[in-house]
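Asks: Got a predicted structure here, sequence first:
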Amino acid sequence: MPTLKVAVLISGRGSNLQSLIDACAQPSFPAEIVTVLSNRPDAYGLERAKAAGIPAAAINHKNYESKAAFEAALQDAIVASGAEFICLAGFMRLLSADFVSRWSGRMINIHPSLLPAFKGLHTHRQTLDAGVKIAGCSVHFVVPEMDAGPIIIQAAVPVLQGDDEAALAERVLAEEHQIYPRALRWVAEGRVTLSGDRVEVKGAEAQQTSLRMPDRAV
Ligand code: GAR
């Protein structure tokens, strides 16, 4: 099976990008990252890409007079790379409905909550403020509405007494690094189908693990 050519869009640290880089480095992994693009020139993730020998570039949104012009540059760079699929990995610009529709069914995102709860910024603060006892993360197809769209996989973690944002973020992030490569593998293997607002993953293994609930003492 040919590998799926993927563009990864980032804005910062790039730890999820790293988990995708590491997964793609496995010989049997069905996807390859052909470009990493950041809207912030100082994003550490650009260094991670370069260290892995992946073409990487900054497309600074501040250098464009409009969102449309920024997105046109983004689109040109993605198409030039040969990418057929986009992974948003901590990409913190809201994409227009035009851009999203061009990549409909071919763009996924990771968000550090159990969607549809706690969309947007300061996710962990929202989670702690709400007093919920289970937190987690979600990989989902991108639709024009922010942090919405059909969910491919989620992982759950406990919220522990005494957690602050940093402690919760760290626990959730460890799970993000597990589920994002798994979701990309499923997509690249052609096992993911969209049926309305819902995702179906073919294969018994996938059915059993679309919810990752680590067995840990709480
Ligand atoms: C991750 O926690 C990701 O889920 C979140 O930003 C962080 C990026 O970290 N994304 C969002 O909040 C999107 N709404 P990373 O740069 O180390 O991957």
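Replies: Structure's in. What do you need?

Asks: so Gly45, which of the three states?
Replies: Look at Gly45: counting by DSSP: H, G, I helix; E, B strand; the rest coil, its state is helix.

Asks: Just list the residues touching the closest residue to it other than its chain neighbours, thanks.
Replies: The spatial neighbour of Gly45 that comes closest, neighbours along the chain excluded (C-beta to C-beta, 6 or more residues apart in numbering), is Gly14 at 2.2 Å. Every residue, glycine included, has its C-beta placed from N, CA and C. For Gly14, the contact set (C-beta atoms under 8 Å, 6 or more residues apart in numbering) comprises Val36, Ala43, Tyr44, Gly45, Leu46, Arg48, Ala49, Ala89, Gly90.

Asks: Give me the contact list for the helix or strand containing Asp129.
Replies: Assigned by DSSP states H and E, Asp129 belongs to helix 123-130. Surrounding helix 123-130, the residues in contact under the criterion C-beta under 8 Å, 6+ apart are 111-113, 117-118, 120, 135, 159, 163-165, 168-169, 172.

Asks: Which of those residues fall within strands?
Replies: Counted as lying in strands by DSSP state E, out of these, are His111, Ala135.

Asks: Would you mind checking the contacts of helix 123-130 for buried ones?
Replies: Of the members of these, the ones counted as buried by neighbours, 16 or more other C-beta atoms under 10 Å, are His111, Pro112, Ser113, Ala117, Phe118, Ala135, Val159, Asp163, Leu168, Ala169, Val172.

Asks: lowest-confidence helix or strand of this structure?
Replies: Taking mean pLDDT, DSSP states H and E as the measure, the helix or strand of the chain with the lowest value is helix 204-209, at a mean of 69.

Asks: what about the residue in the chain positioned nearest to the ligand, neighbour count?
Replies: With C-beta to the nearest ligand atom as the measure, the residue in the chain that lies nearest the ligand is Gly90; the distance is 2.6 Å. Gly90 is flanked by 22 other residues according to other C-beta atoms under 10 Å.

Asks: wait, what's in contact with it?
Replies: Applying C-beta under 8 Å, 6+ apart, one finds that Gly90 lies in contact with Ile10, Ser11, Gly12, Arg13, Gly14, Ser15, Asn16, Leu17, Gly45, Ile110.

Asks: any idea whether the fourth one is helix, strand or coil?
Replies: Recorded secondary structure, Arg13: coil (three-state DSSP).

Asks: Count the residues that sit near the closest residue to Ser81 other than its chain neighbours.
Replies: Beyond its immediate neighbours in the sequence, the residue positioned closest to Ser81 (C-beta to C-beta, 6+ apart) is Thr35, lying 3.6 Å away. Number of residues near Thr35 (other C-beta under 10 Å) recorded here: 21.

Asks: what about Ser195, how many neighbours?
Replies: Number of residues near Ser195 (other C-beta under 10 Å) recorded here: 8.

Asks: again with the one 5 residues further on
Replies: With neighbours defined by other C-beta under 10 Å, the count for Glu200 comes to 14.
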